[in-house]
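Enquirer: Let's see this in three dimensions:
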Amino acid sequence: MTILVLGINHKTATVALREKVAFSQEKRQQALQQIQQWELAQSAVILSTCNRTEIYLHNKQISPDETQEWLDQCVAWFAKIHQLSLDELQSCLYLYQNQQAVTHLMRVSCGLDSLILGEPQILGQVKQAYQLSEEYYQQNQQSFSAEFSRLFQKVFSVAKRVRTETNIGENAVSVAYAACSLARQIFENLKSLNVLLVGAGETIELVSRHLLRHGVKKLMISNRTLSRAEALVAKLDRGEHIQITGLDQLQFCLNQADIVITSTGAPHTLISKEMVKLAQKQRRNAPMLVVDIAVPRDVEESVSDLDSVYHYTVDDLQNIIQRNMDEREKASAQAQQIIEQECVDFFEWLKVHQFSNLIRTYRDNAEQARQALLEKALISLQQGEDAEQILQELSYKLMNKLIHSPTQAMSNMMKTGNAKGLRHFSLALGMPQEQEYKQ
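Expert: Now for the predicted structure:
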C-alpha cells in the first residue's frame, strides 16, 4: 500500500506555471474520473490553491517492484491532463511517499509550508478538497478508502492541536494585519471608533477587511480617485459602514478619526503636523493612532511629537513583523514535533488496521478449508465408507491446513534470526520460555 503526494507550489514553480496546473471544479471532476480509469489509485484528493496544486493518492495494490512504474504513470497523467510536457514539469514537481507524504500533508494543513508561515486559510482549503473528493465518490457509488479517510481526519485533528498548543497563528506577519493589531493594542474596543483610510489599493483593502471583521463603528476612505474608492467599497460589500471622500476633504475626516491608516502612491506628504494638530484640537486631544504604510511617506514624521498621537511608519511595522516571524518560527518547531509524533501514531494505527484485515483473511481461509474438507467427508460417509477412518483423515488434513502458514512463518523467522517474533509465537502457543544464554 502506498500514500503518495504529487505537486508543485510557490517554492518550486512560477505563478505562470502554477496557473497552468490549477484545477477548476469541472477539471477536478475530470481528474478524479481519469484517476479511476487509469487505475492510478483507489482514492484521491486534489488540493488546488493560488500557491499550490497537489494530488494525494492512496493505492493499496502497489508492490515495491511496481512503485517506479506507477510513479511514472502518475507524472505522465498529471502532464497530460494539463497539456504540458514532462520537461516543463520535471524541475518543479515533487513526489513524497508514505511517511514523507503524510508529514507533508500535516505540514501543509498546519500552515508550515505556506507562503506566510502559519496562515490559517490553508486548513479550510484542505478540508474542502477532502469533502469534494468524498462527494465525488459517493455520487459515483464508489467507496472512499477507509485508511485515507482516517488519514485526513487525523490531519484535521493535528492542525487543531497545533493551533491550540502553539502560537503559530498568534502574531501578525503582514503589514495590513500588523496595522490592525496595533489598533487593537492601543484601543480596547474598535466598535466605538472612527477610522480613516487614505488610499484605495490592495493594502487598504486588506486593512478594511480586518477592521470590518472587528466591527469598527465608521470607516472613511479618502482617495484621489473616487471611482477607485467606490470599486473598493463594492468589493467589501459593506457600504452602509463606509463613507467615501476625496483628498480635498482630508482635514474634515481627520477631525473625526481615532485611527488613521495611510497607503497611497503620492510623491509628497498628504498629512502634515499642522493638520493633525488642528484635528487634535477639535477632538480635545483624545488618543489618535496614525499608521503610515506608504513609501514615500504620506504623513510628516514630526506628527509623532504631538501629545496623545501614536505614530508608526512602515519601518516600525516591519520590525514588529520580524519579531512576530521569529515567534512563529519558534512555534513552527513545536508544531513539527507534534506532527512527527502524530505521524508515527497514524502509521501505528495503519499497521494494526492492516493486521486486523490479515486476521480476518486468515480466519476466512481457515473456514473455507474446513468447509471443503467437511463436504468431502460427508460425501464419503454417504457412500458408506468407514466413519472412523474418514474422521481420522478429516482431522489430519484440517490440522495440516491450519498449521501450514504459521509453520512457514516460524521457519522464516528462524532463518532470519527473528528471536522477538519467535518469542511472541511461543507465548501465543503457551510454550515455556527458554532461558537466555548468558556468558
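
Enquirer: Where do the strands of the stretch 51-200 of the chain begin and end?
Expert: Secondary structure of the stretch 51-200 of the chain (DSSP state E, counting those that start in this stretch): strands located at 52-59, 94-97, 194-198.

Enquirer: Can you tell me which of the ones you listed is packed in deepest?
Expert: Most buried of the strands of the stretch 51-200 of the chain, by mean neighbour count (mean count of other CB atoms under 10 Å): strand 194-198, with a mean of 26. All C-beta spots, glycine's among them, are computed from the backbone N, C-alpha and C.

Enquirer: Adjacent strands (with direction) for that one?
Expert: strand 218-222 (parallel), strand 259-262 (parallel) (DSSP bridges).

Enquirer: of these, which approaches G7 most closely?
Expert: With respect to G7, and counting by CB to CB, the nearest of those is strand 259-262 at 37.2 Å.

Enquirer: Pull the residues that contact the closest one.
Expert: When contacts are defined by CB atoms under 8 Å, 6 or more residues apart in numbering, strand 259-262 is touched by residues 179, 183, 187, 193-199, 204, 207, 254, 270-271, 288-294, 298-299.

Enquirer: So what's the gap between it and the chain middle?
Expert: 34 Å (CA atoms, centre = their mean, to the nearest Å).

Enquirer: hmm, back to that, take the strands of the stretch 51-200 of the chain and write them to TSV, including distance to A366.
Expert: Formatted as TSV, those follow (distance: least, CB to CB, whole Å):
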stretch	distance to A366
strand 52-59	29
strand 94-97	34
strand 194-198	75
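
Enquirer: Turn these into TSV, including mean pLDDT and distance to R370.
Expert: TSV is the format used below for these (pLDDT from 0 to 100; distance: least, CB to CB, whole Å):
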stretch	mean pLDDT	distance to R370
strand 52-59	96	34
strand 94-97	96	40
strand 194-198	96	79
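
Enquirer: Check what pLDDT the residue lying farthest from the centre of the chain gets.
Expert: Largest separation from the mean C-alpha position in the chain: G384, at 70.0 Å (CA atoms, centre = their mean). G384 carries a pLDDT score of 87 in this model.

Enquirer: quick one: low-confidence parts of the stretch 1-150 of the chain?
Expert: In the predicted model of the stretch 1-150 of the chain, residues 1 satisfy pLDDT under 70.

Enquirer: quick one: low-confidence ranges for the stretch 301-439 of the chain?
Expert: 356-357, 431-439.

Enquirer: Show me the helices in it, by range?
Expert: With helices called from DSSP state H, counting those that start in this stretch, the stretch 301-439 of the chain shows them at 314-382, 387-416, 419-428.

Enquirer: Can you say which of those helices is packed in most?
Expert: helix 314-382 comes out most buried of the helices of the stretch 301-439 of the chain by mean count of other CB under 10 Å, with a mean of 14.

Enquirer: list the helices and strands it packs on?
Expert: helix 98-109, helix 146-165, helix 175-186, helix 387-416 (3 or more CB pairs under 8 Å, 6 or more residues apart in numbering; DSSP states H and E).

Enquirer: what's the most buried one of the strands paired with strand 194-198?
Expert: strand 259-262 (a mean of 27).

Enquirer: what is the mean pLDDT for that strand?
Expert: For strand 259-262, the mean confidence score works out to 96.

Enquirer: Kindly report the same for stretch 275-282.
Expert: 96.

Enquirer: Can you mark which positions in it are buried?
Expert: Residues of stretch 275-282 classed as buried by neighbour count (16 or more other CB atoms under 10 Å): M275, V276, A279, Q280.

Enquirer: Name the next helix or strand downstream of whichever strand or helix holds the last one, please.
Expert: So the one you mean is Q280. Assignment of secondary structure by DSSP states H and E places Q280 within helix 273-282. Counting by DSSP H and E, the element after helix 273-282 in chain order, helix or strand, is strand 288-292.

Enquirer: Paired strands for that next one, with orientation please.
Expert: Short version: by DSSP bridges, strand 288-292 pairs with strand 259-262 (parallel), strand 309-313 (parallel).

Enquirer: Mind putting those into TSV with distance to E134?
Expert: Below are the strands paired with strand 288-292 laid out as TSV (distance: least, CB to CB, whole Å):
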stretch	distance to E134
strand 259-262	42
strand 309-313	47
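
Enquirer: Out of these, which is closest to I122?
Expert: strand 259-262 (26.9 Å).

Enquirer: Grab the CA positions of whichever helix or strand F252 is part of and hand them over as PDB.
Expert: Counting by DSSP H and E, the element that carries F252 is helix 250-254. Extracted in PDB, the C-alpha atoms of helix 250-254 (Å, rounded to 0.1, in the frame of the first residue of the first chain):
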ATOM      1  CA  LEU A 250      -8.800  65.100   4.300                       C
ATOM      2  CA  GLN A 251      -8.900  67.700   7.200                       C
ATOM      3  CA  PHE A 252     -12.600  67.100   7.700                       C
ATOM      4  CA  CYS A 253     -12.000  63.400   8.000                       C
ATOM      5  CA  LEU A 254      -9.000  63.800  10.300                       C
END
